[in-house]
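> A predicted structure for the sequence below; I have some questions about it.
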Amino acid sequence: MDVKASPYLYIAPFFVVFAVVGLFPLLYTGYVSMFRWELGSDNPKFIGLDNYAALIDDTVFHKGVLNSFVFTAYAEIFKVTLGLIAAMMLHHMRRGKAVLAGILLLPWVVPTVVTAFTWRSLFDPIFGSVNVLLTESGIGPFLADIGLVDKWPAEWLSDPALALPSVILVNVWKGVPFFAVTFLAGLKAIDSNLHEAAMVDGASPWQRFVHITLPGLRPIMIVTVLLSSIWTFNNFDLIWLMTQGGPGDATAPYVMVAYSKAIQQLQLGAGAAVTLVMLPVIGVLVAILVRMMRRG
């Protein structure tokens with residue numbers, strides 16, 4: 001065997017699997033997007049880029065894209081912040097760290113369908129525990145008095161103003177453990193001698209956090225945010241199980257718009273166009289975060 005060719009032979013199975021599982025479906029989706037192709041039809045009509053042009057004036061698609069960006073932005077901000085706080089607390093605990101870390105992971109490992117239906121029952125306006133607790137504590141009526149909610153008891157998943165924040169809350173609840181565990185691993189990898197030297201030099205806890213902890217966590221934070229942002233931006237199952245994109249299109253992300261066009265309206269070409277037109281957006285996000293990681 002040629003020594004120079006042997007590395008390529010080792011990685012050849014990966015490229016074969018990638019071509020079959022990843023590249024071919026992507027190219028076929030692009031092919032389908034060029035047709036007016038109804039589900040079950042044997043006579044698709046080639047229309048070129050008309051499916052993409054139709055998205056320019058498609059207000060439902062515009063709302064779906066906006067929902068995806070809002071959903072992802074708020075969810076990632078809260079997951080990073082709360083995950084970092086949880087990781088710092090676990091890192092500085094002396095006892096029970098393993099037990100609490102295991103308990104913290106439970107929301108992440110619970111199946112999405114269980115999470116969705118559990119939170120739907122908690123958000124029930126009449127019998128849900130969320131409204132009951134907020135009412136008994138007086139917080140709920142106070143929120144209504146100051147105008148943060150239109151009425152009380154609040155209809156968390158039926159009110160267009162509250163539905164998206166409610167779904168974001170559940171996504172954050174489910175995603176924080178992933179951030180906390182990865183950040184905890186990153187904290188353990190930071191050399192403790194750096195903190196000891198900084199303490200000797202008189203650095204405050206905040207200065208040590210800013211100049212030692214955050215730079216030490218930078219690579220793992222970028223990778224974690226990158227993965228989570230892609231997952232969150234393409235989230236479908238949690239939103240569908242909780243609200244099905246409603247009320248109206250208040251919580252419908254772009255992936256749900258694609259599902260509606262391809263499956264519910266039986267327009268495969270239009271649905272394929274929705275998914276592919278967002279591919280460059282995800283690509284730009286990945287490129288920015290990878291560039292940040294390389295600079296770090």
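Everything's here; your move.

> Following the host helix or strand of residue 181 in sequence, what is the next regular element?
If you go by DSSP states H and E, residue 181 is part of helix 160-189. Using DSSP H and E, the helix or strand that follows helix 160-189 in sequence is helix 192-200.

> Tell me where the longest helix sits in the protein.
Secondary structure of the chain read by DSSP state H shows that its longest helix is helix 59-91.

> which parts of that one are buried?
60-61, 63-65, 67-68, 71-72, 74-76, 78-80, 82-84, 86-88, 90-91 (16 or more other Cβ atoms under 10 Å). C-beta here means a position set from N, CA and C on the backbone, and glycine is covered the same way.

> Ok, stretch 185-194 next?
Neighbour-count burial for stretch 185-194 flags 186, 187 (criterion: 16+ other Cβ under 10 Å).

> and the end-to-end length of it?
17 Å (Cα to Cα, to the nearest Å).

> what's the answer for stretch 233-249, then?
End-to-end span of stretch 233-249 (Cα to Cα): 16 Å.

> got it, and stretch 43-55?
Note: stretch 43-55 ends 23 Å apart using Cα to Cα.

> Also stretch 197-205?
Stretch 197-205 end-to-end distance (Cα to Cα) = 12 Å.

> who touches that stretch?
Stretch 197-205 is contacted by residues 207, 208, 211, 212 when judged by Cβ atoms under 8 Å, 6 or more residues apart in numbering.

> repeat for stretch 52-68
Under Cβ under 8 Å, 6+ apart, the answer for stretch 52-68 is 33, 164, 233, 249-257, 260, 270, 273-274, 277-278.

> How about stretch 144-157?
120, 123, 125-126, 128, 130-131, 134-135, 140-141, 143, 159, 161-163, 166-167, 242-243, 247.

> low-confidence ranges in the stretch 151-296 of the chain?
293-296 (pLDDT under 70).

> before we move on, back to that, ok, of the contacts of stretch 144-157, which come out buried?
120, 123, 125, 128, 130-131, 134, 140, 159, 162-163, 166-167, 242-243, 247.

> Spatially central residue for this structure, please.
residue 232 (1.5 Å; Cα atoms, centre = their mean).

> can you tell me how far that one sits from residue 179?
In this view, residue 232 and residue 179 are 12 Å apart by Cβ to Cβ, to the nearest Å.

> picking up where we left off before, next structured bit after the longest helix of the chain?
Heading C-terminal from helix 59-91, the first helix or strand you meet, by DSSP H and E, is helix 97-104.

> which secondary structure elements does that next one contact?
Identification of packing neighbours for helix 97-104 by 3 or more Cβ pairs under 8 Å, 6 or more residues apart in numbering; DSSP states H and E yields helix 59-91, helix 160-189.

> Nearest to residue 282, out of these?
Judged by Cβ to Cβ, the one of these that comes nearest to residue 282 is helix 59-91, at 10.2 Å.

> what about residue 203, is that helix, strand or coil?
coil (DSSP: H, G, I helix; E, B strand; the rest coil).

> Alright, I will stop here.
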